[in-house]
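**Q** Any chance you could fold what I've pasted below:
(one chain, ligands or ions: 1)
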Amino acid sequence: MSEQNEWGSNLSFILAMVGSAVGLGNIWRYPYVLYSNGGGAFYIPYIVAILLMGVPFLILEYGVGYNFKSSFPKAIRKINSKFEYLGWLLPISVFLIMIYYSCILGWDGIYIILSFFKGWGADPNTYFATTLLQSSESVSGITSFIPIIAIAMLISWVIVWYISHKDLEKGLGKVSKILVPLLFIIMIIIVLFSLTLPGAMIGLNELFSPDWSLLLDFNIWMAAFGQIIFSLSLGMSIAFTYASYTGQSSDLITNTLSIAFANCAFENFCALGVFSILGYMSLQSGTAVADLVTQGTGLVFIAYPTVLNVLGQYAYIIGPLFFITVYLAGLTSILSTIEPLAFSIQNKFTWSRHKTMTTLCIIGAVVSMVYATAFGGTLLGYVDAYINQIAILLGVILECIVFAWIFKCEDIVPVLNEKSRTLKLGKWWIYTVKYILPIFITIVWIGGVYDTLKTGSLDQTMTFGLLTLLIAVLVVIFTKLAPTNPNWDDTENRL
Ligand code: PHE
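**A** The predicted model follows:
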């Protein structure tokens with residue numbers, strides 16, 4: 001089946017992977033995580049997390065995908081046919097990410113337009129929460145539909161469909177080659193501009209003044225591992241799927257190093273920009289930087305508009321550029337979230353790429369309308385917490401066990417080393433993926449589950465239960481449906 005999906009060049013593969021990695025997590029999540037976990041001192045757990053987990057795990061996921069050159073469930077089936085369930089679990093969870101990502105893209109699309117005339121008014125907080133989202137904490141909010149958000153989301157779905165339904169290289173490959181460099185260029189312009197603002201140093205001093213004592217705190221280690229998993233899109237079967245589309249001559253180890261480097265460089269660069277701007281804001285308003293720092297939606301849709309309000313004429317250039325960057329970063333990530341499930345369906349049921357993508361986009365768009373309601377914002381927070389703190393970490397642990405132990409990761413070492421022009425894998429890698437990684441991530445997972453369940457509301461816990469049920473039902477259906485691909489059951493490995 002891989003002949004249907006093949007990158008035109010190594011560059012398309014790398015840029016599509018960077019596009020998947022560089023996303024909202026780099027722009028809205030990382031600066032806050034860095035700041036609230038010890039500032040400069042955070043670099044120690046962060047670098048350990050990259051070296052101990054990010055790079056070794058990506059090499060494992062790529063290596064196995066490259067070896068099998070098939071969809072994720074088919075590869076898992078070849079490793080052991082009883083595990084096909086796991087093979088569907090990840091692509092389905094990632095598709096759920098896609099559905100809520102389309103909502104954030106929709107919000108951002110609205111802000112691109114608003115930024116041309118500061119349409120959020122003098123009080124961005126009230127505008128976002130009350131005027132736009134009509135936020136309701138209560139489930140009954142699900143009955144009040146917000147057409148403007150629905151339209152913005154549908155536009156995102158049409159864009160995603162338009163790119164994804166084409167052949168891989170003509171759609172995703174080509175778009176990544178244009179959008180990813182563009183994303184980096186616009187971000188560089190924004191950050192350089194931010195660094196020249198009066199007060200920028202106040203923000204940067206605040207960001208980097210290290211609090212070494214936090215190094216002894218277990219939470220900052222958890223935060224570093226969580227950030228790297230999210231930011232590098234680990235354990236989501238995306239890297240696996242992308243690697244299965246690569247040709248014979250790829251140097252996967254060197255590619256992994258480049259992707260990890262580009263992603264980390266981008267997020268640290270973003271942090272410089274965000275904190276320069278917060279420093280400027282602090283100087284203007286007399287509020288301490290610490291009181292201005294928020295994360296996620298708060299940063300992008302509230303703190304930024306607030307800053308743009310005091311930025312004068314520059315805001316009409318920097319504002320649209322910023323919201324366009326967020327859109328591009330989100331778009332290149334969302335495009336990667338449909339690939340694992342789409343390729344799995346293509347592979348098992350011999351559907352064409354066109355038909356699969358069109359069907360999935362229609363289903364996704366219809367389901368996503370639940371976010372275009374007054375309960376949408378709250379629900380999005382729940383689903384995000386569930387996917388990131390529970391489902392994906394579990395995916396990483398299971399993938400590690402299946403790939404490193406049952407598949408025997410030693411087997412791919414010679415193949416990868418032979419192509420590598422840089423790093424060579426040795427015992428250290430096998431030891432890391434077999435022991436250190438599963439143990440470490442299990443600890444982080446237990447901590448995360450405990451934390452979310454302890455602090456979550458009743459609605460959140462019920463949403464978690466429903467999501468688990470939904471994923472389980474879908475996994476069973478996809479596993480049990482009879483394949484139409486006559487090769488679905490062949491067991492030969494590529495090695
Ligand atoms: N890595 C992306 C980011 O940093 C997040 C992402 C999650 C992308 C899931 C694709 C799939 O924002």
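
**Q** For the rest of this, base every contact and every neighbour count on C-alpha atoms.
**A** Will do.

**Q** looking at it, residue 161 is touching residue 357, isn't it?
**A** Yes - using C-alpha atoms under 8 Å, residue 161 is in contact with residue 357, at 6.7 Å.

**Q** out of these two, which sits in the busier spot?
**A** residue 357 (26 against 21; other C-alpha atoms under 10 Å).

**Q** May I have the predicted confidence score for the more buried one?
**A** Here, the pLDDT recorded for residue 357 equals 97.

**Q** Ok, residue 17 next?
**A** 94.

**Q** That one reaches residue 240, doesn't it?
**A** No - in this structure residue 17 lies outside contact range of residue 240 using C-alpha under 8 Å: 10.6 Å.

**Q** what mean pLDDT does the helix or strand that residue 86 is a member of have?
**A** Here residue 86 sits within helix 84-115, counting by DSSP states H and E. Here helix 84-115 scores 94 as its mean pLDDT.

**Q** Next: stretch 426-444.
**A** 90.

**Q** For it, output the C-alpha coordinates as PDB.
**A** This file holds the C-alpha atoms of stretch 426-444, laid out as PDB (Å, rounded to 0.1, in the frame of the first residue of the first chain):
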ATOM      1  CA  GLY A 426      24.800   1.300  20.400                       C
ATOM      2  CA  LYS A 427      23.900  -0.500  23.700                       C
ATOM      3  CA  TRP A 428      23.100   2.900  25.300                       C
ATOM      4  CA  TRP A 429      20.100   3.200  22.900                       C
ATOM      5  CA  ILE A 430      18.800  -0.300  23.500                       C
ATOM      6  CA  TYR A 431      19.100   0.100  27.200                       C
ATOM      7  CA  THR A 432      17.300   3.500  27.100                       C
ATOM      8  CA  VAL A 433      14.300   2.400  25.100                       C
ATOM      9  CA  LYS A 434      14.000  -0.900  26.900                       C
ATOM     10  CA  TYR A 435      14.400   0.200  30.500                       C
ATOM     11  CA  ILE A 436      14.800   3.800  31.300                       C
ATOM     12  CA  LEU A 437      12.000   5.100  29.000                       C
ATOM     13  CA  PRO A 438       9.100   2.900  30.100                       C
ATOM     14  CA  ILE A 439      10.000   3.200  33.700                       C
ATOM     15  CA  PHE A 440      10.300   7.000  33.600                       C
ATOM     16  CA  ILE A 441       7.200   7.600  31.600                       C
ATOM     17  CA  THR A 442       5.100   5.200  33.700                       C
ATOM     18  CA  ILE A 443       6.100   7.400  36.700                       C
ATOM     19  CA  VAL A 444       5.100  10.600  34.800                       C
END
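
**Q** about what we covered before: the helix holding residue 86: which residues count as buried?
**A** By neighbour count on 16 or more other C-alpha atoms under 10 Å, the buried set for helix 84-115 is 84-112, 114-115.

**Q** Report the secondary structure state of the residue of the stretch 351-495 of the chain found nearest the ligand.
**A** Relative to the ligand, the nearest point of the stretch 351-495 of the chain is residue 388 (8.4 Å; C-alpha to the nearest ligand atom). Three-state call for residue 388 (DSSP: H, G, I helix; E, B strand; the rest coil): helix.

**Q** Check whether it really touches residue 231, as I assumed.
**A** No - assessed by C-alpha under 8 Å, residue 388 is found out of contact with residue 231, at 10.8 Å.

**Q** thinking again about what came up before, list the helices and strands the helix holding residue 86 packs on?
**A** helix 72-79, helix 147-164, helix 315-349, helix 353-368, helix 376-386, helix 392-400, helix 458-480 (3 or more C-alpha pairs under 8 Å, 6 or more residues apart in numbering; DSSP states H and E).

**Q** can you list those helices in TSV and add distance to the ligand?
**A** Formatted as TSV, the helices and strands packed on helix 84-115 follow (distance: least, C-alpha to the nearest ligand atom, whole Å):
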stretch	distance to the ligand
helix 72-79	15
helix 147-164	14
helix 315-349	5
helix 353-368	15
helix 376-386	10
helix 392-400	9
helix 458-480	16
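
**Q** between these, which gets nearest to residue 215?
**A** Of all the helices and strands packed on helix 84-115, helix 392-400 sits nearest to residue 215, with 22.7 Å by C-alpha to C-alpha.
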